[in-house]
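Participant: after the sequence you'll find the predicted model.
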Amino acid sequence: MKRAFLGEFEEVVLLTVAVLDESAYGVTVTQEIEQKTGRAVGFSTVHTTLQRLEEKGYLSSKMSGATAERGGRRKRFFSVTAAGRKALVDVKSIREQLWDALPPQTLQLMGG
Amino acid sequence: MKPPRWASTLLDWWGDPNTVEEVQGDLLELYEYWVTTVGERKARWRYGLSVLKLLRPFAQSKSTDYPSPFLLSPAMIRNYVKIAGRNLSRNLAFGTINLLGLVLGLTCALIIFLVVAHETSYDHYQTQGDRIYRVGNYNINDKFTYPGTYSGMANAMRNDVPEAELVVPLLQIGGSTVSIPSTGNRFKTSLVYAGNELFRLLDYRWLAGDARTALSEPNTVVLTRALAETYFGTSDVLGKTLRLDNKPDLMVVGVLEDYPKTTSFPFDLLVSFPSVKTSMPDYDLNRWNGWNDNFQVFILLKKDTKPEQVTQRSAAILTKYRDEKAAKDQAIALTPLAEIHYGHNLGGRSANLKLLNILSLIGVFVLLIGCINFINLTTAQAFKRAKEIGIRKAVGSNRLSLIYQFLTEAGMVTFAATLLSILVAWLGLPTVVDLLGIPLTSADLFSGKTVAFLTALFILTTLLAGIYPAFRLSGMAPIWALKNNKMPQGRQTITLRQGLVVVQFTVSLVLITSTLLINQQLSFFKNADLGFNTAAIITVGLPDNSPAKLQTLRNRLAESSQVKDVSFSFNSASAESNWMQGMQYRKGTKAVDIKTQLKMGDSHYLSTYGIQLLAGAGLQDRDSTSFKVIANEVFLNRMGVAKPADAIGEKVYYGDGQEFATIIGVAKNFNVNSLHQKIDPTLIQVVPTNFYQAGIKLQTDQPNAEALKGVLAHIEKAWMETFPDRIFEYSFLDETLAKAYQAETRTSQLIGTATFLAIIIACLGLFGLAAFTAEQRTKEIGVRKVLGASVSGIVLLLSREFLKPVLVALLIASPVAWYAMNEWLQNFEFKVGISWDVFALAGGLAVLIAFLTVSFQSIRAALMNPVKSLRSD
């Protein structure tokens, strides 16, 4: 079967969800990406990416945790599915394969 | 510290309902976070932006359960074409009717386009065209612009109109004889006197010679390539000479490339303007007391000059060169080059703008009738396809693909029709060229402009014919189509179809009525009593009218027993160009001015043309010196004299008011003009210096071919002996007079053809509809027959449905036709009346044609054995 394509931003979002473990929902994912990568991401972008990843089957979600500060609205918590984990591992192994294939002198030049 | 309300509301309304709850929560949380990190202003901004991006049209996920196919992919288009082909081949009969109707309509539209495109393209290619104007004389009282002007106007323009960059006078002389001294060949031709300015006014391509100096000297001439080849057999003719009549030789100083067909200046023989003095010493180039249409002045206005700047000084100029009275009656008119083709011009071809408009309208209508056939037959057949449409929809075809399907079918039929119409137009073009006298060739048929027009026409026709059936049929509810296996047959569809038939027959009826009336008017022209004889009169020109020559000719002609009488005159009893002059009758102290037509003829004039004398005596040849005249009844009427005998001996004054002529006879009225115009007050006088033609009356009114040949040979011999070195030409008076009605004859032929086409197309449609109805009602007819209905009863039943729209059409068409024809008849002073029987006849014809068309089908249906039609159930 053809490996599902994972975009760069999708990969970042998926990883962040994995990092945040139990507490991953729209706000935390947005803030985490902003802090870790230092780039300003729009909430709408994160939200649609989360939706898309769920459609692709890499994330599952459940609603819970209504708080007063949100006007009593529930949060949608995301967690990485088995397919999502596999996709992350696949991407990582491809990256590692490519890094390993890098000739040593090139690696030095890059400051590695 | 609330986020912007508008954004929250928007999100409430347009957010994705599946995720709106957590999005609202997340955004609220983030808003507070943003307020603390980046400040309230930026937080509000981010909040709003996020909401906008999350609104449904932008944020909704693109994928649905089923992919929606692209309906114009190559595979689908192939499918449309294939299905269309199958449908067309299954209904070959209806398809052929559709096709024929469209071919006729398209051919008609195409040919009319060619004609209109040709007639409207005259002189458009001239580079300075927008600055070129013709100086004409505008008659303020008659509201008519004469194309010609005073010969002195050229000088006036040069001296008093600084706005004119170039002033180009042109003098056209017709009917000269050109002889080539080197070969001795002679040719009859018309020529134009022009100066070098002409070459700066219009675009010319020179094969040889110098445009700046060619026509500066007298007795020089410039030819076109075609004329040079006719005269000398080669286009290398610089320095050769040709002789004009018996005047000094002319030297060829230039050769021009042939003109495009669409020029109003197709002058093949240009003679230098200074030659006017040498070849026509009597011609007054500074004349202000009269003008002729063969002298025209063109000017090139300077850039950014408006013609009004010149015409507003018209009165001042006319007062300066003529007098104040002239300035009151006339004005200088500047006609733009683009409009010259739509009136009399030196090129000899002109177009009638009104007729072109009518033609275009007819083209549109005939095409419309063809399209209506298509619409009617397609929707009528729809029930046959109801099952197909139902199944297509049930298995998931959407409306758009059905619309494409039907449009493809319409497109294929139209495409085939377009190709066929090109073929038909190509075959029919020579006939059209003959009919209209338009120089069109098959090259015009395949020009870029025509191709573009055809493409547009193809698209338009496809949409016109296809869009209604496409939307109507595709809109059918599938359950209805599958269950009943037929189209919903509301009253509405029937009314619409009948309404379209009404439109078709209204157009046809207007055309039929017009054709009938135009033909009535034409036969009235042919058979009208003009008040003089037109039969068996042959006219020949007189290049030299010295008394000795005329006597020789008369004696020679009289040698033949076939010749009854010969009259020398200025023109025939009725002619296109006439001599008008102001006359004055003094009744006591009161003076009556009478604008009079002067007929100049000898003592044989009355007898040759068979004009009746009511009182007094005829003219004698010696009267040329004593100023005796014959007046007609209209003239007497203007004088205020009731009894012809009372007018004898009365004097009419002319010229400066001292000279007078005495009336010695009164002639019965005869039509001195074509029947378009009234009979002018007319005087007949003997003026031998103005005799330019001889009228020869034969013994028998209808000579047989043998005798005619003999007498023509005799006339030619007599003429050639009198005028050696000239070219003999003759014409029959009745044929010359008939030419005055050429325009009407053409209109009649055109409208006749269009009528024929319109009727054929409408009948095709009716035939198809009748066939369809008969087929649909097969069972009904079977049952009726079984129950004892007669054949004639059934024929009547089926035909009645189609006669109703025709009768309605008659009601609509009659007033329209009456109005149109009444307008047309205003062109004529002598005309037929419009009576009700024309409408009755047209209506009867239409009903008869419709009935015959329909009855073929209905009789067939009525005669069918009911066993056959009922067996299948």
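Facilitator: Received the coordinates, thanks. Residues are numbered from 1 along each chain as shown, chains lettered A, B, ... in the order given.

Participant: buried set for the longest strand seen in chain B?
Facilitator: When chain B is parsed with DSSP state E, its longest strand is strand B:164-179. Buried residues in strand B:164-179, counted by 16 or more other CB atoms under 10 Å in any protein chain shown: B:164-173, B:176-179. (Each C-beta comes from the backbone N, C-alpha and C, glycine too.)

Participant: just say helix, strand or coil for B:Ser397.
Facilitator: coil (DSSP: H, G, I helix; E, B strand; the rest coil).

Participant: do B:Asn345 as well
Facilitator: Secondary structure assignment for B:Asn345 (three-state DSSP): coil.

Participant: please report the distance of it from B:Val433.
Facilitator: Per CB to CB, to the nearest Å, B:Asn345 is found 21 Å from B:Val433.

Participant: the two - which one has more neighbours?
Facilitator: B:Asn345 (20 against 15; other CB atoms under 10 Å in any protein chain shown).

Participant: so who does the residue in the stretch 301-450 of chain B that chain A sits nearest to touch?
Facilitator: Ranking the residues of the stretch 301-450 of chain B by distance to chain A (CB to the nearest CB) places B:Gly396 first, at 24.0 Å. Contacts for B:Gly396 were tallied using CB atoms under 8 Å, 6 or more residues apart in numbering or on different chains; there are none.

Participant: name the residues that touch stretch B:238-254?
Facilitator: Defining contact as CB under 8 Å, 6+ apart, one finds that stretch B:238-254 is touched by B:176-182, B:191, B:206, B:208-211, B:214-215, B:217, B:219-223, B:228, B:231-232, B:237, B:255, B:271, B:275, B:278-279, B:543, B:725.

Participant: also stretch B:3-15?
Facilitator: The contact list for stretch B:3-15 (CB under 8 Å, 6+ apart) reads B:20, B:23-24, B:27-28, B:31, B:43-44, B:47-48, B:51-52, B:54-57.

Participant: same question, stretch B:558-565
Facilitator: With contacts defined as CB under 8 Å, 6+ apart, stretch B:558-565 is touched by B:557, B:566, B:604, B:607-608, B:696-700, B:703, B:707, B:710-711, B:714-715, B:718.

Participant: now with 7 Å, please.
Facilitator: B:557, B:604, B:607-608, B:696-699, B:707, B:710-711, B:714 (CB atoms under 7 Å, 6 or more residues apart in numbering or on different chains).

Participant: and the residue of the stretch 451-600 of chain B found nearest chain A, how many neighbours?
Facilitator: For the stretch 451-600 of chain B, the residue closest to chain A is B:Pro478, as judged by CB to the nearest CB, at 32.4 Å. B:Pro478: 16 surrounding residues under other CB under 10 Å.

Participant: cool, B:Val634 as well?
Facilitator: Neighbour number of B:Val634 under other CB under 10 Å is 18.

Participant: chain neighbours aside, what residue packs nearest to it?
Facilitator: B:Pro681 (4.8 Å; CB to CB, 6 or more residues apart in numbering or on different chains).

Participant: what sits against that neighbour?
Facilitator: Listed by CB under 7 Å, 6+ apart, the contact set of B:Pro681 reads B:594, B:596-597, B:632, B:634-635, B:638.

Participant: so, low pLDDT: which residues of the stretch 451-600 of chain B?
Facilitator: For the stretch 451-600 of chain B, the stretches flagged by pLDDT under 70 are B:484-495.

Participant: can you pull out the strands in it?
Facilitator: B:537-541, B:563-569, B:580-587, B:590-600 (DSSP state E, counting those that start in this stretch).

Participant: how is chain B divided into domains?
Facilitator: Using automatic domain parsing, the domain ranges for chain B come out as B:5-59, B:74-120+B:353-488, B:129-342, B:490-529+B:737-873, B:537-736.

Participant: assign the residue lying farthest from the centre of chain A to helix, strand or coil.
Facilitator: Most distant residue from the mean C-alpha position of chain A: A:Gln105, 32.4 Å away (CA atoms, centre = their mean). For A:Gln105, the secondary-structure state derived from three-state DSSP is helix.

Participant: and if you look at B:Leu242?
Facilitator: strand.

Participant: pull the number of nearby residues for the closest residue to B:Arg134 other than its chain neighbours.
Facilitator: Nearest non-adjacent residue to B:Arg134, counting by CB to CB, 6+ apart: B:Thr335, 4.5 Å away. Counted with other CB under 10 Å, the neighbours of B:Thr335 add up to 21.

Participant: from B:Leu300, how far off is the residue nearest to B:Leu301 when sequence neighbours are not counted?
Facilitator: Spatial nearest neighbour of B:Leu301, excluding adjacent residues (CB to CB, 6+ apart): B:Arg131 at 4.8 Å. Distance of B:Arg131 to B:Leu300, given as CB to CB: 5 Å.

Participant: try B:Tyr31
Facilitator: Distance of B:Tyr31 to B:Leu300, computed by CB to CB: 77 Å.

Participant: close to chain A: what parts of chain B are there?
Facilitator: Proximity of chain B to chain A (CB under 7 Å from any CB of the partner chain) is limited to residues B:19, B:21-30, B:33, B:50, B:53-54, B:59, B:61.

Participant: swap the cut-off to 8 Å and go again
Facilitator: Residues of chain B lying close to chain A by CB under 8 Å from any CB of the partner chain are B:19, B:21-30, B:32-33, B:46, B:49-50, B:53-54, B:59, B:61, B:63.

Participant: just want the phi and psi numbers for the residue nearest to B:Val634.
Facilitator: For B:Pro681, the backbone dihedrals (degrees, to the nearest 10) come out as phi -60, psi 130.
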